[in-house]
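Colleague: Provide a 3D model corresponding to the input given below.
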Amino acid sequence: MGRGVRRGNQVRIIGGEHRGRKLDFPDIQGLRPTGDRIRETLFNWLQVNLPGAECLDLFAGSGALGLEAASRGAGRVLMLDRSPVAVDQLRQNISLLGLNQASVEQADALVWLQAVPQPFDIVFLDPPFADELLQQVCHQLVVGGWLKPNALLYIETDAVNGLPQLPSVWRRLKEKKAGQVGYFLYSSR
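Modeller: Numbers count the residues shown, from 1 in each chain. Next up, the predicted model:
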């Protein structure tokens, strides 16, 4: 087991080629993998758009969203996280599953979004709730040119605080709540 990984810190792939596989993730404060029920709903929402899609998971953490997307046929999945421990574990999990279409980079999302854009079809936004990064990242995705036409954006947030002001060019498609988590699907125009 890698440094920083405790027994019991596992996430399960719930669909696609690697359905049922359990993967370790590190014990990092604030890291909370998206639950199975929420992921099942999300990937039901995305099922028509996911095959072959280019996906960006800006706050990968455990990799629950990015690895699930790769297992379900995404054409390319880029996962980012600023934690070297999380990135090391994600690299191990990508290798373990043989996901050639998936990669991970250690980076701060806001800094990384200052680079030359590589537009994506689907973007997963599940930042640490306490960091209040969501509004800044959403703005940078739009002004930086990171979204393909009609890109889909999954947003997960603390249900109590709700969503910050999002770009006016985005259209809400779906919305649900599970416990203390609010989750949404948006489309860029």
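Colleague: could you pull out the buried residues of the strand or helix carrying Val111?
Modeller: Element membership for Val111, per DSSP states H and E: helix 109-112. For helix 109-112, burial by neighbour count (16 or more other C-beta atoms under 10 Å) applies to 109, 112. Just so you know, the C-beta spots here come from the backbone N, C-alpha and C atoms, and that holds for glycine as well.
Colleague: same thing with stretch 176-189?
Modeller: Of the residues in stretch 176-189, those with enough neighbours to count as buried (16+ other C-beta under 10 Å) are 181-188.
Colleague: same question, stretch 52-65
Modeller: Going by neighbour count (16+ other C-beta under 10 Å), the buried part of stretch 52-65 is 53-65.
Colleague: kindly report the same for stretch 100-108.
Modeller: Residues 101-104, 106 are the ones in stretch 100-108 that count as buried (16+ other C-beta under 10 Å).
Colleague: between these, which sits nearest Leu90?
Modeller: Taking C-beta to C-beta as the measure, Leu90 lies nearest Val104 of the buried residues of stretch 100-108, at 4.3 Å.
Colleague: for the closest one, helix, strand, or coil?
Modeller: Three-state assignment for Val104 (DSSP: H, G, I helix; E, B strand; the rest coil): strand.
Colleague: please apply the same query to Gln165.
Modeller: Following three-state DSSP, Gln165 is assigned to coil.
Colleague: what of the one 4 residues further on?
Modeller: Three-state secondary structure (criterion: three-state DSSP) places Val169 in coil.
Colleague: list the contacts of the nearest residue to it once chain neighbours are set aside.
Modeller: For Val169, ignoring the flanking residues on the chain, the nearest one in space by C-beta to C-beta, 6 or more residues apart in numbering is Arg189 at 5.0 Å. Neighbour list for Arg189: 149-150, 169-171 [criterion: C-beta atoms under 8 Å, 6 or more residues apart in numbering].
Colleague: check which helices and strands the lowest-mean-pLDDT helix or strand in the chain sits against.
Modeller: Least confident helix or strand of the chain, by mean pLDDT, DSSP states H and E, is strand 22-24 with a mean of 76. Applying 3 or more C-beta pairs under 8 Å, 6 or more residues apart in numbering; DSSP states H and E, we find strand 22-24 packed against strand 10-12, helix 84-97.
Colleague: how about it: buried residues?
Modeller: Neighbour-count burial for strand 22-24 [16+ other C-beta under 10 Å]: 23-24.
Colleague: sheet-wise, list the partners of it with their directions.
Modeller: If you go by DSSP bridges, strand 22-24 pairs up with strand 10-12 (antiparallel).
Colleague: downstream neighbour of the least confident helix or strand of the chain in the secondary structure list?
Modeller: helix 36-46.
Colleague: tell me the mean pLDDT for that next one?
Modeller: Helix 36-46 carries an average pLDDT of 92.
Colleague: extract the CA atoms of the helix or strand just after it and return them as PDB.
Modeller: Per DSSP H and E, helix 36-46 leads on to strand 54-57 as the next helix or strand towards the C-terminus. Extracted C-alpha coordinates of strand 54-57, given in PDB (Å, rounded to 0.1, in the frame of the first residue of the first chain):
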ATOM      1  CA  GLU A  54     -12.600  14.200 -23.700                       C
ATOM      2  CA  CYS A  55     -13.000  14.700 -20.000                       C
ATOM      3  CA  LEU A  56     -11.300  16.900 -17.400                       C
ATOM      4  CA  ASP A  57     -11.500  16.100 -13.700                       C
END
